[in-house]
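[1] model this:
(4 chains)
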2 protein chains.
Amino acid sequence: MHHTQLLEDLRRRGYRLTPQREAVLEILATSAGHISADEIIARVRKRYPHINKSAIYRTLNLFVHLGWVNPTDLGNGCMTYEWHRDPHHHHLICHQCGKMTSIGAEVFTSVEKILRDEYGFTPCLDHFAIFGLCRECAKRKKRSRS
Amino acid sequence: MHHTQLLEDLRRRGYRLTPQREAVLEILATSAGHISADEIIARVRKRYPHINKSAIYRTLNLFVHLGWVNPTDLGNGCMTYEWHRDPHHHHLICHQCGKMTSIGAEVFTSVEKILRDEYGFTPCLDHFAIFGLCRECAKRKKRSRS
DNA sequence: TTAAGTGCAAATCATTTGCATGGAT
DNA sequence: ATCCATGCAAATGATTTGCACTTAA
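    Numbers count the residues shown, from 1 in each chain, chains lettered A, B, ... in the order given. Modelled structure (predicted):
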């Protein structure tokens, strides 16, 4: 789906097509991965310096509500947003060194099946953050223990 | 491990055994499931009305650091804490109706294995919140769509 | 005795909100 | 001409912090 179609979709759903919304859409759709609200505000303002912070927050909430954007809590005190484009994937976050690694969604297919079949639950596994220890930090910890 | 042992453990590790810490420990260890900091403060104060909010937050952070308590973000804007006693389990949270269901940890054994074997990542799967749609809300949604 | 811990109030910081104004339809 | 969306500043609300005082060791 291309930008212009989405913008048209906005109008069709009864929302107004404002420059602010266009700007946020443009930034999100041309940015890869997770971006914090703060980062989004910065990038939007680099091009459109007058745009207000609240309008961007409101726009982000709208896009999330429309399902165009995934909000994810990466555990660093603020929400991050990700444009719905990349194939579904999850994140391994090392809570020692903070390193983040992406993993494919296949890892969770078995879990998804169990949840559906045994619990009747339809999980939203679009944006998942798994905390733990990365290889290096696990090694370092082991070494310091011995 | 019994309370008194834990309290002894505190001292052994060089921390002081204060009435505040005893109170928080007592509340946590006798409360089931996830409790928000606010709820913990309320319960502690019901018995020890003079205890300060900051001291409780600091104590919670200490207990988390000691691994006695699991902090979990259930997506409702505040952290919840859970005493390390119950067998490991996770939570299905319906983001339509908010209902929370506990599930056993076995569901994730396959994921854990893959992460370890293929990514060298040691996941901390103690406290996991999976958002999605519960059976009832999925049904309701389906119905309203048709 | 003395450093660690507490109480208190003030500070943070991401996010939201009330309200007057502006602009898309 | 509507009334939805924006800008601004102020509010919120969970959590943290600076600092003087207390207390467990």
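[2] residue ranges of the strands in chain A, please?
    Using DSSP state E, the strands assigned to chain A run over residues A:35-36, A:69-73, A:79-83, A:89-94, A:100-104, A:122-123, A:129-133.
[3] Against which helices or strands is the last one packed?
    The reference is to strand A:129-133. Here strand A:129-133 touches strand A:89-94, strand B:122-123, going by 3 or more CB pairs under 8 Å, 6 or more residues apart in numbering or on different chains; DSSP states H and E. Quick note: C-beta positions are derived from backbone N, CA and C, even for glycine.
[4] Just give me the lowest mean pLDDT stretch among those strands.
    Lowest mean pLDDT within these: strand A:89-94, at a mean of 79.
[5] Now do the same contact list for A:Ser31.
    By CB atoms under 8 Å, 6 or more residues apart in numbering or on different chains, the contact list for A:Ser31 reads A:Ile40, A:Arg43, A:Trp83.
[6] Who wins on neighbours among those residues?
    Compared across those, A:Ile40 has the highest neighbour count, 22 neighbours, by other CB atoms under 10 Å in any protein chain shown.
[7] can you tell which of the strands of chain A is closest to DNA strand C?
    When these are compared by CB to the nearest atom of the strand, strand A:79-83 sits nearest DNA strand C, at 3.3 Å.
[8] interface residues of chain A facing DNA strand C?
    Residues of chain A lying close to DNA strand C (CB under 7 Å from any atom of the strand) are A:11, A:16-19, A:36-38, A:53-54, A:57-58, A:61, A:77-79.
[9] Pop the domain breakdown of chain A in here.
    A:1-85, A:86-146 (automatic domain parsing).
[10] so which of the ones you listed gets nearest B:Cys124?
    Nearest to B:Cys124 among those is domain A:86-146; the distance by CB to CB comes to 4.5 Å.
[11] Distance from the closest one to the middle of the chain?
    Here the centre of domain A:86-146 is set off from its chain's centre by 15 Å, with CA atoms, centre = their mean, to the nearest Å.
[12] Repeat that for stretch A:46-65.
    Chain-centre distance of stretch A:46-65: 16 Å, with CA atoms, centre = their mean.
[13] do that stretch and chain B meet at all?
    No - counting by CB under 8 Å from any CB of the partner chain, chain B is not contacted by stretch A:46-65; separation bottoms out at 11.4 Å.
[14] And that stretch, what's buried?
    Neighbour counts over stretch A:46-65 (16 or more other CB atoms under 10 Å in any protein chain shown) mark A:Ile51, A:Ala55, A:Ile56, A:Thr59, A:Leu60, A:Phe63 as buried.
[15] now these in a markdown table, with pLDDT?
    Formatted as a markdown table, the buried residues of stretch A:46-65 follow (pLDDT from 0 to 100):
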| residue | pLDDT |
| --- | --- |
| A:Ile51 | 95 |
| A:Ala55 | 98 |
| A:Ile56 | 98 |
| A:Thr59 | 98 |
| A:Leu60 | 97 |
| A:Phe63 | 96 |
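[16] Report the residue spans of chain A with pLDDT below the cut-off.
    Confidence mapping of chain A against pLDDT under 70 gives the ranges A:1-2, A:86-87, A:96, A:98, A:126-127, A:141-146.
[17] Tell me the residues on it that lie near DNA strand D, please.
    Taking CB under 7 Å from any atom of the strand as the criterion, chain A approaches DNA strand D at residues A:15-16, A:18, A:20-21, A:50-55, A:58-59.
[18] Would you format these as TSV with distance to B:Glu112 included?
    Listed next are the residues of chain A next to DNA strand D as TSV, based on distance: CB to CB, whole Å:
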residue	distance to B:Glu112
A:Tyr15	43
A:Arg16	48
A:Thr18	46
A:Gln20	44
A:Arg21	42
A:His50	50
A:Ile51	44
A:Asn52	45
A:Lys53	41
A:Ser54	42
A:Ala55	43
A:Arg58	40
A:Thr59	38
